[in-house]
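A.B. asks: test case, fold it:
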Amino acid sequence: MSAEAGLKNWHRVLDGGSDPAALAEIIREDAVFHSPVVHTPQSGRAKVVGYLAAAGVVLNTEAFRYVREFSDGNQALLEFVTELDGIQINGIDLITFDDAGLIADFKVMVRPLKAINKVWEMMGAQLAATAGS
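C.D. replies: Coordinates of the predicted model:
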């Protein structure tokens, strides 16, 4: 049941613009983020919030939509599509929730290679801009 509750919160925060404060409320302190372009997992709420807030700015365009969603127990898989600078992006969010419905682990996979490169470029710029403010 935790995935059901967690997904409701995830969609609410995403629909609200991925506000960092709202994201922090639905993410465990010891959560881990797995990026499609960063080699090592990023641990801790602050880092996970930073990546997810940046992704909300970069990926959550008018073209963004989830096309499939599966959940079982504490696990959820959400397939998404979007477009950046004319490049079609297809990806998956694989989310593990704890028993309270908080995000414990968030893994993103993106395809094709051209899309990964575009996401890497735009996320790098967004993360740099956020770090500078």
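
A.B. asks: where does pLDDT dip in this protein?
C.D. replies: Scanning the chain for pLDDT under 70 picks out 1, 127, 130-133.

A.B. asks: any residues touching the longest helix along it, and which ones?
C.D. replies: Longest helix in the chain by number of residues (criterion: DSSP state H): helix 113-132. Defining contact as C-beta atoms under 8 Å, 6 or more residues apart in numbering, one finds that helix 113-132 is touched by 35-37, 50-51, 53-55, 57-59, 84-85, 87-91, 110. Backbone N, C-alpha and C define where each C-beta goes, glycine included.

A.B. asks: out of these, which are buried?
C.D. replies: Among the contacts of helix 113-132, the ones that count as buried by 16 or more other C-beta atoms under 10 Å are 35-36, 50-51, 53-55, 57-59, 84, 89, 91, 110.

A.B. asks: beta partners of Gln42?
C.D. replies: Judged by DSSP bridges, the bridge partners of Gln42 are Phe33.

A.B. asks: residue ranges of the helices in the protein, please?
C.D. replies: Counting by DSSP H, the helices of the chain are 2-15, 20-25, 45-59, 113-132.

A.B. asks: columns distance to Asp105 on top of those, output as JSON lines?
C.D. replies: Formatted as JSON lines, the helices of the chain follow (distance: least, C-beta to C-beta, whole Å):
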{"stretch": "helix 2-15", "distance to Asp105": "11"}
{"stretch": "helix 20-25", "distance to Asp105": "15"}
{"stretch": "helix 45-59", "distance to Asp105": "9"}
{"stretch": "helix 113-132", "distance to Asp105": "19"}
